[in-house]
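> test case, fold it:
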Amino acid sequence: MDARKHGSTHVVRLDRGEPVIASLLEYLGRARILGGAVVGLGAIADAEIGCYDPERREYDRRRIPEARELLSFVGTISRLDGRPFLHAHVTLGAPDHSVIGGHLFEARVAITGEFVIQAAAIASVRQYDEDTGLKLLRFTGPARPRPPRRGPAPRRRSPR
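I've put the predicted structure just below:
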């Protein structure tokens, strides 16, 4: 793993063989990110994905052992039991250009994984929801509002 940070933006590169979710969670903990979003792409293998069945209240899981293009990785960052939690969905591409997607439980990087994390100043947690049977996102603190401007807005000079 290699990572760089500028402001609230973090760019993380994962290398061949690294577990995607576990590695990103480790980085989120180290960086003390309480909330935000992550996007990514690359190539993964040994993926376990799923789609939630609300009637049975469980995921239909599928393992995809072969390497696939990671066409899209999108997720939200929150906390669960005091630790970082990453809720991520993926779209995976096959050599015949077919795609499959769903909730990502875990995968290993097949070639490279490139992820951009946008940390947010909005703390959130996962709490069990009786109606759905899922641990849904709940905000624990609002973003700090910007203080109102004091005095008149600065005047712009017109070009001469």
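> let me see the ranges of the strands in this protein.
Per DSSP state E, the chain has strands spanning 2-6, 9-15, 36-53, 58-64, 68-80, 83-93, 99-119, 123-129, 134-141. These are given in chain order.
> so which of those strands is nearest Leu28?
Of all these, the one in closest proximity to Leu28, counting by Cβ to Cβ, is strand 83-93 (3.8 Å). C-betas here are computed from N, CA, C, even on glycine.
> what angle do that closest one and strand 58-64 make?
Interaxial angle, strand 83-93 versus strand 58-64 (axes from the mean of the first three to the mean of the last three Cα atoms, to 10 degrees): 60 degrees.
> roughly how far out does strand 83-93 sit from the chain middle?
Centroid separation for strand 83-93 versus its chain: 5 Å, with Cα atoms, centre = their mean, to the nearest Å.
> picking that back up, looking at the strands of the chain, which is closest to Glu26?
Distance to Glu26, taken as Cβ to Cβ, is lowest for strand 83-93 among the strands of the chain, at 8.4 Å.
> what's that closest one packed up against?
Contacts of strand 83-93 with other secondary structure elements, assessed using 3 or more Cβ pairs under 8 Å, 6 or more residues apart in numbering; DSSP states H and E, are made with helix 20-31, strand 36-53, strand 68-80, strand 99-119.
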